[in-house]
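build me a model:
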Amino acid sequence: MGMDKFIELFVMAVVAVALLPVLVSFINDAVINQSAAITALLYLIPVLYVIVLIVAFAYAVKRGK
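The predicted structure is shown next:
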């Protein structure tokens, strides 16, 4: 039971840390110019994919117990 909570917190921390610089750079790029915002969006897709994989894995681990 304690391990599930740890995994959940770890996943949340990873997601938060992964999203913060992306959000900041995306906002900065959008303000500076639109082409950079499109590039940031392209970088955002694999980041979101990895986050979804982590969440799915954590959910599978949780369901398994």
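
now the helices for the chain?
2-32, 34-64 (DSSP state H).

okay, the angle between the last one and helix 2-32?
Translated: helix 34-64. Orientation check (axes from the mean of the first three to the mean of the last three C-alpha atoms, to 10 degrees): helix 34-64 against helix 2-32 gives 170 degrees.

which helices and strands does helix 34-64 pack with?
Under the contact definition 3 or more C-beta pairs under 8 Å, 6 or more residues apart in numbering; DSSP states H and E, helix 34-64 sits against helix 2-32. Heads up, the C-betas are built off the backbone N, CA and C, glycines and all.

gap between the helix it packs on and the chain center?
Mean-position distance between helix 2-32 and its chain equals 5 Å (C-alpha atoms, centre = their mean, to the nearest Å).

so for that helix, what's the average pLDDT?
The average pLDDT within helix 2-32 is 76.

mind listing what's buried along that helix?
Neighbour counts using 16 or more other C-beta atoms under 10 Å place 7, 11, 25-26, 29 of helix 2-32 among the buried residues.
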